[in-house]
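Visitor: 3D model of this:
(one chain, ligands or ions: 1)
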Amino acid sequence: MALLPILCYPDPRLHTVAKPVAAVDDRIQTLVADMFATMYDANGIGLAATQVNVHERLIVIDASEDRDQPLVLINPEVVWASPETQVSDEGCLSVPGIYDGVARSVAVRVTALNLDGQPHTVEAEGLLAVCIQHEMDHLLGKVFVEYLSPLKRNRIKTKMVKARQLAEREAGR
Ligand code: NI
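Guide: The predicted structure follows:
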């Protein structure tokens, strides 16, 4: 397993719309293993392929308390979303250190392929539902800060660019 570099906002590649996974083959199995390793290493609860610069419809999630319920969603589609929404604070491995409130459906039903290439349905609510919606946005090229006001988003953008420049200077580049 390998740790993959995570794209950081405002990297324009985060706005790429992902294509469907054509076949759940060895390449995808390896990618999924690497994405889980990367997500757990970064203490994240979800990671979309978009964030590791692979523009295919694939997400990995573990929203469990004990970090022992890995969930793979390949070519996920939301088939139902509750009309009731709730605002909760979200963060993102591509926008480190930033947390802000986003309104999401409180429950969703999603169909996807699993690692064996078999279709399955996931019913989710609470944190898992939020996480699924957040990760599926990544596959459409959408980062959660795009739900915030332009003022907040620009502040975040400036902060991210400065942090990147500082890190590059410290690395002597
Ligand atoms: Ni994210």
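
Visitor: Spell out the residue ranges of the helices in the protein.
Guide: Using DSSP state H, the helices of the chain run over 26-41, 126-139, 150-170.

Visitor: Kindly reformat those helices as TSV containing mean pLDDT.
Guide: Converted to TSV, the helices of the chain look like this (pLDDT from 0 to 100):
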stretch	mean pLDDT
helix 26-41	98
helix 126-139	98
helix 150-170	94
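
Visitor: Can you say which of these is nearest to residue 3?
Guide: Among the helices of the chain, the nearest to residue 3 by CB to CB is helix 26-41 (5.1 Å). Every C-beta, even on glycine, is put in place using the N, C-alpha and C of the backbone.

Visitor: and that closest one, what does it pack onto?
Guide: strand 46-48, strand 58-61 (3 or more CB pairs under 8 Å, 6 or more residues apart in numbering; DSSP states H and E).

Visitor: Make TSV out of those strands and add mean pLDDT, mean neighbour count and distance to residue 114.
Guide: TSV is the format used below for these (pLDDT from 0 to 100; neighbours: other CB atoms under 10 Å; distance: least, CB to CB, whole Å):
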stretch	mean pLDDT	mean neighbour count	distance to residue 114
strand 46-48	98	28	16
strand 58-61	98	27	11
